[in-house]
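Peer 1: Okay, sequence plus prediction incoming.
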Amino acid sequence: MYVSDTHLKSFLADAGLVSQKDFDTAEREAKKEKRPVGEILTAHSTVSEDELRRTYAYILGIPFVSLTGTIIKYEVLSLIPEPIARRNNIIAYNHKDNELEVAMLDTDDLAAIEFIKKKTRLKILPRLTDSASIKYALKQYQQSLKDDLGEVIKRETEALEKESEQDMGNLKHIAEGVPAVRIVDTLLRHANAQGASDIHIEPLEGALLIRYRIDGILHDAMELPKYAASAVVARVKVLANLRLDEKRLPQDGRFGAESAGERVSFRVSVLPTYYGEKVVLRLLRENLSGFTLESIGFHGAGLERMHEAMRHTTGMILTTGPTGAGKTTTLYTLLDILNTPNVNISTIEDPIEYQMARINQTQVKPDIGFTFANGLRSLVRQDPDIVMVGEIRDKETASLAINAALTGHLVLSTLHTNSAAGAIPRLLDMGVEPFLLVSTLRVVIGQRLVRKLCTEHEPHELTRDEQARLDQVTDVGAILRVLKEEKAVAGNAIWKNIGFAKPKDTTECPSGYSGRTGIYEVLPVTDTIKELVMKNATSDDVEKQAKSEGMLTMTEDGIFKAAQEITSIEEVLRVINE
């Protein structure tokens, strides 16, 4: 939005928002830095962004609307999917005939306007609004969906009861009936809107329990009547192309759907239990590309070691940790960075969690004898430059992966160990020769996921017990050194002055946490560590040497992130002690 400096000065002065002196100072700085005056004024907090936005609206004659306190109809609000609304700060709030009024923070965002115009096929009328209005309206997506969910579930389960009584023998008919379709569709939409990574559908003695895993923690979402169990499970089976008549054996499948404007894959696992079939759906959002190592939590020396390992065209990069530690995301991020037109990348996975362009991905099928080992054996004959093996589980796969790394390939894989140093004895136990291991292994990553604090959080001062606990499990001196090296604290800071934070329950963020990030230890296989491996040293000896060479352990990296108020001390200790 262009407004001349003269007009802006006049209106801000008339409104008593900015003094003549402050404006002149901002004007001089704007000319020097070749930036708009308005940007300088907001940067120095002379005037707020919302006040400036209102002034622009008045000068340009653009209608200004405040949505704070306004309840928007769900059918109007949902004309713009929540991810689009949140990303572009644009809200649909009034629909009449073929016109849609939208409130925006920037009416010059023509790309967003054009996208919504194509999606809705309506005439878009942009209106300026303020941040408080956008924030208030975004909250309504969750509330409206929750209300909508409750109404749909209640209405359709009642219809399902009648339908089930009439046609209990025909599961396919029930699964494709309107009630079952709407219940499952609503559950999937609600789980995605909540940011769930998994949906658990669990049969109990007298009910069907629905639970979501959000940021690594399971939460009860709702209970459905027991009679809804067969229809809900049957509907999921139909979507995943599983056998409806098989109730005694486990089944696995997957299907895709579009939810809130984004493509989501659902990995399905069905398991017989005492009270019926339990179903778990893993949500895999197909928008992984664009991640960077920094964005998933790598920093400092660990980040440099990762980039150094990726510059090699041979060798092996391993990531370790328990199930759910984010190993797959780390591997896919590495693949996304390495995925350039001049390399051939092939993977062997179980399962394929994300489809990536220009990468040849293969799914193992142990039931027909297609395992990691014989899949990898065939894969290296496909002239790959980079190979990703989903997991090294046995001696044969380990031997083949090491051999691939020796013969001109960069190999990426995972191991289930508790620490980076623990990967070395695990591979040796699998029968890998020490001299082959030190010739191929470039770097080993140990990782976990911790919840991130919401923007609004409270300060936290370490108690004596917490400090004593930290002294037992970390080297606070090493953490302080890294904080200073990365200029996260002043060069003369001492440990007692480091500030921490704890979660704060708010309406917008009830748990005090939102999203997750990784905590890592990055162990480079240096000459000294190679010597230890050749001497059959323990994992403790390897870790001790790596620490002396500057490696932060996962716990220390977690405390480092807590000192930056990314997460809390409590959360780091919870995850490390699991």
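Peer 2: Received, thanks.
Peer 1: Would you map the helices across the stretch 451-578 of the chain?
Peer 2: Secondary structure of the stretch 451-578 of the chain (DSSP state H, counting those that start in this stretch): helices at 464-473, 476-485, 527-534, 539-548, 554-563, 569-576.
Peer 1: Format the CA atom coordinates belonging to the fifth one as CSV.
Peer 2: In CSV, the C-alpha atoms belonging to helix 554-563 read as follows (Å, rounded to 0.1, in the frame of the first residue of the first chain):
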residue,chain,number,x,y,z
MET,A,554,21.1,-34.5,23.6
THR,A,555,20.4,-33.4,27.1
GLU,A,556,22.9,-30.5,26.8
ASP,A,557,21.4,-29.5,23.5
GLY,A,558,17.9,-29.6,25.1
ILE,A,559,19.1,-27.3,27.9
PHE,A,560,20.7,-25.0,25.3
LYS,A,561,17.3,-24.7,23.6
ALA,A,562,15.6,-24.2,27.0
ALA,A,563,18.1,-21.3,27.7
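Peer 1: neighbours of residue 132, just the number please.
Peer 2: Neighbouring residues of residue 132 were enumerated by other C-beta atoms under 10 Å; the total is 13. C-betas here are computed from N, CA, C, even on glycine.
Peer 1: swap in the one 3 residues further on?
Peer 2: A count of nearby residues for residue 135, using other C-beta under 10 Å, gives 13.
Peer 1: which SSE is it in?
Peer 2: helix 131-166 (DSSP states H and E).
Peer 1: Remind me what the helix or strand just after that helix packs against, helices and strands.
Peer 2: Of the helices and strands lying after helix 131-166 in sequence (DSSP H and E), the nearest is helix 171-175. Applying 3 or more C-beta pairs under 8 Å, 6 or more residues apart in numbering; DSSP states H and E, one finds that helix 171-175 contacts helix 131-166, helix 229-239.
Peer 1: let's see 10 Å
Peer 2: For helix 171-175, the packing partners by 3 or more C-beta pairs under 10 Å, 6 or more residues apart in numbering; DSSP states H and E come out as helix 131-166, helix 178-193, helix 229-239.
Peer 1: From the chain's centre, how far out is that helix? Work that out for me.
Peer 2: 35 Å (C-alpha atoms, centre = their mean, to the nearest Å).
Peer 1: Show me which positions of it end up buried.
Peer 2: 171, 174, 175 (16 or more other C-beta atoms under 10 Å).
Peer 1: Show me the beta-bridge partners of residue 459.
Peer 2: With DSSP bridges as the criterion, residue 459 is bridged to residue 501.
Peer 1: Looking at stretch 52-65 now, give me its mean pLDDT.
Peer 2: On average, the pLDDT along stretch 52-65 is 72.
Peer 1: same thing with stretch 89-96?
Peer 2: On average, the pLDDT along stretch 89-96 is 91.
Peer 1: In PDB, list the C-alpha atoms belonging to that stretch.
Peer 2: Once non-C-alpha atoms are left out, stretch 89-96 reads as follows in PDB (Å, rounded to 0.1, in the frame of the first residue of the first chain):
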ATOM      1  CA  ASN A  89      -3.600 -13.300   7.300                       C
ATOM      2  CA  ILE A  90      -6.900 -13.300   5.400                       C
ATOM      3  CA  ILE A  91     -10.400 -14.100   6.700                       C
ATOM      4  CA  ALA A  92     -13.600 -14.600   4.800                       C
ATOM      5  CA  TYR A  93     -16.300 -13.000   7.000                       C
ATOM      6  CA  ASN A  94     -19.300 -12.000   4.800                       C
ATOM      7  CA  HIS A  95     -20.800 -13.800   1.800                       C
ATOM      8  CA  LYS A  96     -23.700 -12.300  -0.200                       C
END
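Peer 1: list the buried ones in that stretch?
Peer 2: Under the neighbour-count criterion of 16+ other C-beta under 10 Å, stretch 89-96 has 89, 90, 91, 92, 93, 94, 95 buried.
Peer 1: Nearest to residue 415, out of the helices of the stretch 451-578 of the chain?
Peer 2: Ranking the helices of the stretch 451-578 of the chain by their distance to residue 415 (criterion: C-beta to C-beta) puts helix 539-548 first, at 12.3 Å.
Peer 1: Check the offset of that closest one from the chain's centre.
Peer 2: 31 Å.
Peer 1: quick one: it to helix 527-534, angle?
Peer 2: Calculated by axes from the mean of the first three to the mean of the last three C-alpha atoms, to 10 degrees, helix 539-548 forms an angle of 180 degrees with helix 527-534.
Peer 1: coming back round to it: tell me which of the helices of the stretch 451-578 of the chain sits most buried.
Peer 2: Among these, helix 554-563 has the highest mean neighbour count (mean count of other C-beta atoms under 10 Å), at a mean of 25.
Peer 1: looking just at contacts, which helices and strands does that helix meet?
Peer 2: Using 3+ C-beta pairs under 10 Å, 6+ apart as the contact test, the elements touching helix 554-563 are helix 300-310, strand 441-453, helix 464-473, helix 476-485, strand 500-503, strand 513-524, helix 569-576.
Peer 1: Now do the helices in the stretch 1-150 of the chain.
Peer 2: Assigned by DSSP H, counting those that start in this stretch, the stretch 1-150 of the chain shows helices spanning 5-14, 20-33, 37-43, 49-60, 74-77, 82-88, 110-120, 131-166.
Peer 1: pLDDT averaged over stretch 233-245, what's the number?
Peer 2: Average pLDDT, stretch 233-245: 92.
Peer 1: So for that stretch, what gets flagged as buried?
Peer 2: 233, 234, 235, 236, 237, 238, 239, 240, 242.
Peer 1: Restrict it to CA atoms and write it as PDB.
Peer 2: Only the C-alpha atoms of stretch 233-245 are listed here, as PDB (Å, rounded to 0.1, in the frame of the first residue of the first chain):
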ATOM      1  CA  VAL A 233     -13.600 -49.600  11.400                       C
ATOM      2  CA  ALA A 234     -15.300 -50.900   8.200                       C
ATOM      3  CA  ARG A 235     -15.200 -47.400   6.700                       C
ATOM      4  CA  VAL A 236     -11.400 -47.000   7.400                       C
ATOM      5  CA  LYS A 237     -10.800 -50.500   5.900                       C
ATOM      6  CA  VAL A 238     -12.700 -49.500   2.700                       C
ATOM      7  CA  LEU A 239     -10.600 -46.400   2.400                       C
ATOM      8  CA  ALA A 240      -7.400 -48.300   2.900                       C
ATOM      9  CA  ASN A 241      -8.400 -51.200   0.600                       C
ATOM     10  CA  LEU A 242      -8.300 -53.800   3.400                       C
ATOM     11  CA  ARG A 243     -10.400 -56.900   3.800                       C
ATOM     12  CA  LEU A 244     -13.700 -56.300   5.500                       C
ATOM     13  CA  ASP A 245     -14.200 -60.000   6.400                       C
END
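Peer 1: Which strand residues bridge residue 389?
Peer 2: Taking DSSP bridges as the rule, residue 389 bridges to residue 348, residue 413.
Peer 1: Surely it is in contact with residue 316?
Peer 2: Yes: Residue 389 is in contact with residue 316 according to C-beta atoms under 10 Å; the separation is 9.5 Å.
Peer 1: closest one to residue 263 among the helices of the stretch 451-578 of the chain?
Peer 2: Comparing the helices of the stretch 451-578 of the chain by C-beta to C-beta, helix 569-576 comes nearest, at 29.9 Å.
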